[in-house]
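Q: next one to model:
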Amino acid sequence: MTSDTVRYRWLDGEFARLMLRGQDRVRFLSGMVTCDVKGLGPQAGTYGALLTVKGKVVSDLLVANRSGDDLLLLVRSFVAKHVMDSLDRYIIVDDAVLTDESEALAHLGVYGVRALAVLTGDPAASLEPYQLRALDGAWLWACRELGPESVHVIGPAAAVAAIEQRLSAAGAQELSSSDAEVLRVESGRPRMGVDFDEERLPQEAALDDALCFTKGCFLGQEVVVRLRDRGQLNRRLIGLRLRGDALPTAHCKLSHPSRPQAGELTSVVLSARLGPIALGYVHRTCWEPGTELAVTDAEGQPLGCTAIVTPLPFPPAW
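A: Okay, here's the model as predicted:
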């Protein structure tokens, strides 16, 4: 994708669109998730996570206060029911009702430095991270799904379809799932169900930007605060440059002379811009940038490939 290309893809099946209504919606959700919900004014959003009482990740999520009457939550579709059940369990006397409105709201992702300009027809259009604006019966929501130049378009099916037609007429092209995966890994964005699950703490999964430690109490706070203060993180999701004759697969192991079981790959892609790159978990003794690790199979046999620890997001070239 060149610097001025605009791409789009339908996200209806990838994300669930949940709605929280009721007078206590802000107070309730603020006590449940890791992000600052009380600080959201109209047309503002944020990135956060829902944790277990033990601090493990139930799901990461996006929260938006569209116009002051409700809260819109985006989560991965496969975990939506679990998120709803986890939240409903704590709605006891609160005036808060959570519903799944995925069928009523269409969802389009638009990507590229000119995405907002093409969407709005205004070359100077801009949105701060996670900010929203209304457009022709739908909402534009600046996010970080595939990097900083990502916009979610959410609204009734007819409104979003009309916006998609305008994008296509303006020369925007559909983005394939495989190309989207490359952009995601390049931007260093971990994906629920691929790079982390409910066995991971948010700091392990590199979800630091989902954590707000000044907002007050939230579910699982004690564990993540203790981990922050004591610094006892053993493994963390990091970026890796790959070198070798063959592209390894996810779940291949990582080894270092000082630690034979140094980590594991979670996402592996071949980037046209950067070559073979990956996300993976690496032990704290081996995660210094520039450290070279051997890629092995599950039995520890070398696969003729090395992985070099690289800061995230990936730089533009070697």
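Q: what about the strands in the stretch 201-318 of the chain?
A: 235-244, 253-256, 259-271, 275-283, 292-296, 302-310 (DSSP state E, counting those that start in this stretch).
Q: where does the chain have low pLDDT?
A: 1-3, 316-318 (pLDDT under 70).
Q: and R259, how far from C252?
A: As judged by Cβ to Cβ, to the nearest Å, R259 and C252 stand 16 Å apart. (C-beta placed from N, C-alpha, C; glycine too.)
Q: neighbour-wise, which of those two wins?
A: Using other Cβ atoms under 10 Å, the more surrounded residue of R259 and C252 is C252, with 20 against 15.
Q: can you pull out the helices in this protein?
A: Using DSSP state H, the helices of the chain run over 25-30, 80-88, 115-120, 157-169, 177-186, 221-230.
Q: how about these in CSV, adding distance to V37 and mean neighbour count?
A: Formatted as CSV, the helices of the chain follow (distance: least, Cβ to Cβ, whole Å; neighbours: other Cβ atoms under 10 Å):
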stretch, distance to V37, mean neighbour count
helix 25-30, 4, 20
helix 80-88, 12, 16
helix 115-120, 25, 21
helix 157-169, 26, 15
helix 177-186, 26, 18
helix 221-230, 14, 14
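Q: so which of the ones you listed gets nearest L146?
A: Among the helices of the chain, helix 177-186 comes nearest to L146, with 4.1 Å by Cβ to Cβ.
Q: thinking again about what came up before, nearest to W10, out of the helices of the chain?
A: Here helix 157-169 is closest among those (Cβ to Cβ), at 8.0 Å.
Q: follow-up on the earlier one: save the helices of the chain as TSV, and put in distance to G45 too.
A: Shown next, in TSV, are the helices of the chain (distance: least, Cβ to Cβ, whole Å):
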stretch	distance to G45
helix 25-30	13
helix 80-88	17
helix 115-120	15
helix 157-169	18
helix 177-186	19
helix 221-230	21
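Q: which one of those helices lies closest to G239?
A: Closest to G239 of the helices of the chain, according to Cβ to Cβ: helix 177-186, at 8.4 Å.
Q: starting at the chain centroid, how far to that closest one?
A: 12 Å (Cα atoms, centre = their mean, to the nearest Å).
Q: output the contacting helices and strands for it.
A: strand 7-10, strand 259-271, strand 275-283 (3 or more Cβ pairs under 8 Å, 6 or more residues apart in numbering; DSSP states H and E).
Q: please identify the most buried of the ones you listed.
A: strand 275-283 (a mean of 22; mean count of other Cβ atoms under 10 Å).
Q: check what contacts that one and list those residues.
A: 185-186, 188, 190, 195, 204, 234-244, 247-248, 254, 259, 261-271, 291, 293, 307, 309-310, 312, 314, 318 (Cβ atoms under 8 Å, 6 or more residues apart in numbering).
Q: go on, stretch 71-86?
A: Contacts of stretch 71-86 (Cβ under 8 Å, 6+ apart): 13-21, 25-26, 29, 37, 45, 50, 58-66, 98, 100, 102, 152, 154, 191-193.
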